[in-house]
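Q: fold the following and give me the result.
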Amino acid sequence: MTIPINFTTTTGRFNLPLLFAAQAQKEVYVNEALAIVDSLLHCAIEGIGATPPTTPVSGTNWLVAAGGSGVWAGQDGQIASYQEDNCIFIAPRDGVSVLNRATGQQIHYYGGWQTPAIPAAPTGGTIVDTQARTAITSLITALQTAGVL
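A: Take a look at the predicted model:
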């Protein structure tokens, strides 16, 4: 016989609200959980910023930059998700990946948001191989186009 799991009030990873027997207004908790799941499932952000958009569209996500202002104050590094004229803040956990629609780049969370740096094109040196430099520059451009860098 299996031992039943004793739940707290939320899930351990993303704090999704849990339901209990004879709980009043279950739809509120279910809708909140679905809104958070909707925000994180194949998450795409419109961009990174410290200032909330003036006219946010329902279903859009943003990554709050350091020094957030307005309703984003104190939410640095969190995902701000707009759902039906409400802003839900989701604290990222290791393993979360988002697509930055402004740049086409994937951003990963592992102890903090990780964005790959774009390497500089080769310069200098005593022997210049123009073909190698052209190939390296083409590789960097291809990786940027693919959203890797």
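
Q: only C-alpha atoms from now on, for both contacts and neighbour counts.
A: Will do.

Q: distance check, the most centrally placed residue in the chain against Ala24.
A: Averaging the C-alpha coordinates of the chain gives a centre point, and the residue nearest to it by C-alpha atoms, centre = their mean is Val98 (4.2 Å). Relative to Ala24, Val98 is positioned 35 Å away (C-alpha to C-alpha, to the nearest Å).

Q: what of Trp62?
A: With distances taken as C-alpha to C-alpha, Trp62 is found 32 Å from Ala24.

Q: let me know the helix or strand that Pro116 is in.
A: Following DSSP states H and E, one finds Pro116 outside all helices and strands.

Q: for it, which non-adjacent residue is closest in space?
A: Ranked by C-alpha to C-alpha, 6 or more residues apart in numbering and with sequence neighbours excluded, the top spatial neighbour of Pro116 is Leu149, at 5.6 Å.

Q: wait, the one you found touches Leu143, no?
A: Yes - contact status for Leu149 versus Leu143: in contact at 5.6 Å, counting by C-alpha atoms under 8 Å.

Q: where does this structure have low pLDDT?
A: Counting by pLDDT under 70, the chain has low-confidence residues at 1-7.
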